[in-house]
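[1] Structural data only, the sequence is not supplied:
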């Protein structure tokens, strides 16, 4: 990593600025980011890590979905866009 920084003429990292996001949010915003937003008691845990998109979609409007006669298209859209986990109320 030091060689990459030197090649890019980047400064060395500040050792005082290496706290994790959870500690930063607790210190600055006084927010426990792992606390359940619904019940305020439980802890959020990672249950699945989703892979990111390899490419961004092309700019411009999407093709409109015909809801009147295209029920297969609607079902395909729902399968593709339905969240796989429940969100807090």
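    Sure, I can see it. Being a predicted model, the structure only gives us computed values, none of them experimental. Numbering: from 1, shown residues only.
[2] Neighbours of residue 26, how many?
    15 (other C-beta atoms under 10 Å). For the C-beta atoms, the positions are set from N, CA and C on the backbone; glycine is no exception.
[3] so what's it up against?
    Taking C-beta atoms under 8 Å, 6 or more residues apart in numbering, we find residue 26 in contact with 32, 33.
[4] if we go to 7 Å?
    Residue 26 makes contacts with residue 32, as judged by C-beta atoms under 7 Å, 6 or more residues apart in numbering.
[5] distance between the helix or strand encompassing it and the chain's centre?
    Using DSSP states H and E, residue 26 sits within helix 21-28. Going by C-alpha atoms, centre = their mean, to the nearest Å, the spacing between the C-alpha centre of helix 21-28 and its chain's C-alpha centre is 18 Å.
[6] And for stretch 31-50?
    With C-alpha atoms, centre = their mean as the basis, stretch 31-50 stands 14 Å off its chain's centre.
[7] and residue 19, how far is that from residue 29?
    13 Å (C-beta to C-beta, to the nearest Å).
[8] what's the answer for residue 17, then?
    Counting by C-beta to C-beta - residue 17 and residue 29 are separated by 17 Å.
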